[in-house]
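> how does the following fold in three dimensions:
(chains A and B)
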Amino acid sequence: MKSNENLLQYTIPQLLRWRVGASPKRPALREKDYGIWNTYTWEEYYDYVRKTALGLRAIGLGKGSTIALISDNIPEVLFVAIGIHSLGGISAGVYQTSMPHEIAQIVPSLKVTAVFCDDQEQVDKVLEVRDQIPNVKKVIFDDPRGMREYMSDDWFINIRDIFKLGEEEHEKNPELFDSLVNEGKPDDICHFCLTSGTTGLPKGTMLTHKNYINMGIQLSQVDHLEPTDEYVSFLPFAWIGEQMNSFGVAMATGITINFPESVETAMSDLKEIGPHFMFGAPRIYETIQSQIWLKIDQSYWFNKIMYKYFMKVGTEAATYRMRGKTMGLGLRIKAWLGTQIIFRPLVNQIGFLRLRRAYTGGAALGPELFTFYQSIGVNLKQIYGQTEIVGIAYMHRDGDIRPETVGKPLPGTECKISEIGEILSKSDSVTPGYFELPEKTAELLEGGWLHSGDAGFIDDHGHLVVIDRVSDVMHNKQGEMFSPMFLENSLKFSPYIKEAVIYGNKEDFIACLINIDPLVVEKWAEDRGISFTTYMDLSGKPEIAELIMGAVIDVNSRAEKEHFRIKRFALLYKLLDVDDGELTKTGKLRRKFIQEKYQELYDALYDESIDNKEVEAAFQYQDGQSTTVKTTIAFYTVKGV
Amino acid sequence: MEQLTISDVTLSFGGLKALSDVNMAMDPGLITSIIGPNGAGKTSMLNCISGFYHPTVGDIVYKGKELTHASPHQVSNMGISRAFQNLELFSGLTVLDNLMLARHQHLKYSLLDAIIFFGKASRVEAENRAYVEDVIDFMELEPYRKTMVGSLSYGIQKKVEVARALTLGPDILLLDEPMAGMNQEEKEDIVRFVMDIKNERGTTVVLVEHDLGVVMDISDRLYVLDFGELIGSGTPEEVAQDPKVIDAYIGEG
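Predicted coordinates:
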């Protein structure tokens, strides 16, 4: 395999220019608009970046400027980001779901001087907190719809006008852009990536050109990517998982990035593109699995029989595939038949037919899911990393997939377990630190190692196993240690359970709140003629409680230690939600907040005399309005614990 | 664009007067709303404009042309299109096909062109598809492009109905209770679209609506009907103060 190490001498814009030289006419980006996929070649990509960069320079941005990007994934986000990188400035991703008050906090804390928004929705949020962000000189927007009345205000500028300004600058001085790009150094900071903010205000992780490019190079050392490979960009751009692909992997390997038409159409657009590799949080794979199950369930009897039979064959074959072992002739023939008859058409339905590798990261995924995807012929692999090391630092190798681990370090990544059991890493992708937070940076990079905050160990096969956050590991009253995340994940492996919150810190036993999975449980209830109205109503049904009881008993039966068993649970009347502050933007539980919000339920869980309790349920809508409803919640005790 | 003028229109069904001596003017680029209690003649008025009914007495004039006795397709050809209260869509066709079908009056090629489907026919089809895609983008219907209309929720079907009317490329858009049967969120959504239709596309909007809150918020001009008679008109503020209107809505004390 050809090494791409020489690419490390470039910055992202320099590497983009290098790509133009290497393959000017190849597609670099593709965007679906008005129902048609429009292609940008590497040459056009570079032209747009140049126009944007010089345009941004014309409105007074440059070295020392920071542009916040609050936008769905569109090519313009990359034009603006790499445009400002070319000038020696910095881009910063802000989640599109951020509320105005969050924007008012994040923007000044990162010293942002300009904001890019895709449409009026985002512009309005920025406008709402205008007086709190005096350093923002310009708001650049893409879609002019609904913005007519704003145009008299020169705080706003359309990206098309930036392009025009840039074009004029280029005509005046054609050498300028090249010389600006040449000034960049690989160790310059180019992007602030917000950490997910499980605790407090998000921190801006400073990342350099080299951080990104190194990650892209090392990833492709393990899993080779062709320049003709397709990737669909549907993760939030503010998340490291998206940037590592568009800045790192795409630049290092020359793959094509495809932008869906809208967030709602992402899955059907994915089907049209048929990507060669994808990356996603476990939730995506769980949802797709549920959809497959539903589809099979609704299919006619012959399909069901075939699916059932070949699923068994597939599962057996998967154990060989995951270990890289050779199957016997009989199994190989059966597995081949299964692939041809049922799995290829099935996988084609979701758009995974060309998929060589699917990566999951950000949280744990159940072993059953790995087996499931491997059985149907989707090469699903676990990765592990964090924002501070550009997303991926550890991953499964093909033919060596152990669901309980996160795999081995990428080439060039060193791994060490500290005395307290914390995972430490070292590589060229490690961040220089947090923006303007020297103390936090010192903590993070103590002794020259990146401190992950995760507890873990290296197993006999040399794979890294992650247990939980060092700070999240709990101890019961007897001082025995357990991992709430581990138990929550075990529960979530049941298709009926969407989310679970485990309690038990300094308590006698473990208890939990459970969110049923609306999609699967609704279908289950329908099939049994159980009528219901809302999610709240469905959660309150005794039949559903019985169903969940089964899942809890199942988890208990697999518990490695006595004190891992769950004694009491209740079904929560609403889905835990990002808007209500219960989950982080990347879908992780915010334990402290949840504990405080549902204190009443917590108390009742630990008072074994309570079977029912009336509570007031508060809901918050996306526009900020809230309302309360009275409901009764039942508490269930698992027998024999 | 010119004003749509309705002068002294009376519509009788036998002895029943659905409309009597009604005068209205719809100014270009504005949202004009017709309100009134049930059976006040709001929909009858729209039917008269769109050519489904023909007034017994009076004139409807647009662009210097009499519309009084024009048939629905003639009205439509003049740039007046209508979204119906009860959805008039082909539920067995996809959203895209429904909208493409609505463009049929703009598909100007012969049967022979269509059979060969080369040159003119394919070019015209592509142009019309581009127009339809623009409307799909405008009404944010991308996720439903290839979905059967019949399998969509009522709120989305209403949006498709409005989109279908927009696809005709009208100068004047008649909306008959676009918000009926919708929840608050869907209503707010439609309101935004109605505002955008006026502001972004410069289309004149004639709105018949029950929801007074919405009407008062977005209309530039209001006409109030009661038992077929015009009992008030003016800006929303003026109408809200009008004692006759208050009587008609709240009833005499």
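
> from here on, just use CA atoms for contacts and neighbour counts.
Noted.

> what's the local residue count around the closest residue to chain B within the stretch 401-550 of chain A?
Across the stretch 401-550 of chain A, no residue is closer to chain B than A:T534, which sits at 15.7 Å (Cα to the nearest Cα). Other residues lying near A:T534 total 12 when counted by other Cα atoms under 10 Å in any protein chain shown.

> what does A:S290 give?
17.

> which element follows whichever strand or helix holds it toward the C-terminus?
Take DSSP states H and E as the rule and A:S290 turns out to sit in helix A:282-298. Next along the chain after helix A:282-298, taking DSSP H and E as the criterion, comes helix A:301-323.

> for chain B, what's the nearest residue on the stretch 1-150 of chain A?
When scored by Cα to the nearest Cα, the stretch 1-150 of chain A has A:Y34 as its residue closest to chain B, at 5.1 Å.

> just how off-centre is stretch A:188-195 within its chain?
Relative to the mean C-alpha coordinate of its chain, stretch A:188-195 is positioned 17 Å out (Cα atoms, centre = their mean, to the nearest Å).

> actually stretch B:112-130, sorry about that
Average the C-alpha atoms of stretch B:112-130, do the same for its chain, and the two points are 29 Å apart (Cα atoms, centre = their mean).

> next one: stretch A:483-496
Relative to the centre of its chain, stretch A:483-496 is centred 19 Å away, using Cα atoms, centre = their mean.

> can you give me the buried ones in the helix holding A:S290?
Going by neighbour count (16 or more other Cα atoms under 10 Å in any protein chain shown), the buried part of helix A:282-298 is A:282-283, A:285-287, A:289-290, A:292, A:296.

> quick check: the two most widely separated of those residues?
Between any two of these, the greatest separation by Cα to Cα is 21.3 Å, found for A:P282 and A:I296.

> related to what we said a few turns ago, so which strand or helix has the nearest residue to the residue of the stretch 1-150 of chain A closest to chain B once chain neighbours are set aside?
Take A:Y34 and drop its neighbours on the chain: the residue closest to it by Cα to Cα, 6 or more residues apart in numbering or on different chains is B:E133, 5.1 Å away. In this structure, B:E133 sits in helix B:120-138 according to DSSP H and E.

> how about that helix: buried residues?
Taking 16+ other Cα under 10 Å as the basis for neighbour counts, the residues of helix B:120-138 that come out buried are B:121, B:124-125, B:128-129, B:131-138.

> ok now that helix, how far from the chain's centre?
From the chain centre to the centre of helix B:120-138 is a distance of 22 Å (Cα atoms, centre = their mean).

> with only the CA atoms kept, save it in PDB.
Output in PDB follows, covering the C-alpha atoms of helix B:120-138 (Å, rounded to 0.1, in the frame of the first residue of the first chain):
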ATOM      1  CA  LYS B 120     -39.000  19.900 -28.000                       C
ATOM      2  CA  ALA B 121     -41.000  17.500 -25.900                       C
ATOM      3  CA  SER B 122     -38.100  16.400 -23.700                       C
ATOM      4  CA  ARG B 123     -36.900  20.000 -23.400                       C
ATOM      5  CA  VAL B 124     -40.400  21.200 -22.400                       C
ATOM      6  CA  GLU B 125     -40.800  18.400 -19.900                       C
ATOM      7  CA  ALA B 126     -37.400  19.300 -18.400                       C
ATOM      8  CA  GLU B 127     -38.400  22.900 -18.100                       C
ATOM      9  CA  ASN B 128     -41.600  22.000 -16.400                       C
ATOM     10  CA  ARG B 129     -39.900  19.600 -14.100                       C
ATOM     11  CA  ALA B 130     -37.500  22.400 -13.100                       C
ATOM     12  CA  TYR B 131     -40.500  24.600 -12.300                       C
ATOM     13  CA  VAL B 132     -42.100  21.800 -10.300                       C
ATOM     14  CA  GLU B 133     -38.900  21.200  -8.400                       C
ATOM     15  CA  ASP B 134     -38.700  24.900  -7.600                       C
ATOM     16  CA  VAL B 135     -42.200  24.700  -6.000                       C
ATOM     17  CA  ILE B 136     -41.200  21.500  -4.200                       C
ATOM     18  CA  ASP B 137     -38.200  23.300  -2.700                       C
ATOM     19  CA  PHE B 138     -40.400  26.300  -1.900                       C
END
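
> quick one: the residue most central in space within chain A from chain B, how far?
Here the mean C-alpha position of chain A is nearest to the C-alpha of A:A281 (Cα atoms, centre = their mean), at a distance of 4.4 Å. The span separating A:A281 from chain B equals 23 Å under the rule Cα to the nearest Cα, to the nearest Å.

> give me phi/psi at that residue?
A:A281 has phi and psi values of phi -70, psi 160 when expressed as degrees, to the nearest 10.

> I'd say it and A:G362 touch.
Yes. Here A:A281 lies in contact with A:G362, judged by Cα atoms under 8 Å, at a distance of 5.7 Å.

> for the strand or helix carrying A:P13, packing partners?
Under the criterion of DSSP H and E, A:P13 resides in helix A:12-22. Applying 3 or more Cα pairs under 8 Å, 6 or more residues apart in numbering or on different chains; DSSP states H and E, one finds that helix A:12-22 contacts helix A:42-58, helix A:75-86, helix A:176-183, helix A:250-253.

> let me know the next secondary structure element after it.
Towards the C-terminus, the helix or strand next in line after helix A:12-22, according to DSSP H and E, is strand A:27-33.

> need the residues that contact that following strand.
A:37-42, A:45, A:74-75, A:254-261 (Cα atoms under 8 Å, 6 or more residues apart in numbering or on different chains).

> parallel or antiparallel, list what pairs with it.
When sheet partners are counted by DSSP bridges, strand A:27-33 sits next to strand A:36-41 (antiparallel), strand A:256-259 (parallel).

> quick one: contacts of the shortest one?
What it means is strand A:256-259. With contacts defined as Cα under 8 Å, 6+ apart, strand A:256-259 is touched by A:27-32, A:73-75, A:227-234, A:246, A:250, A:273.
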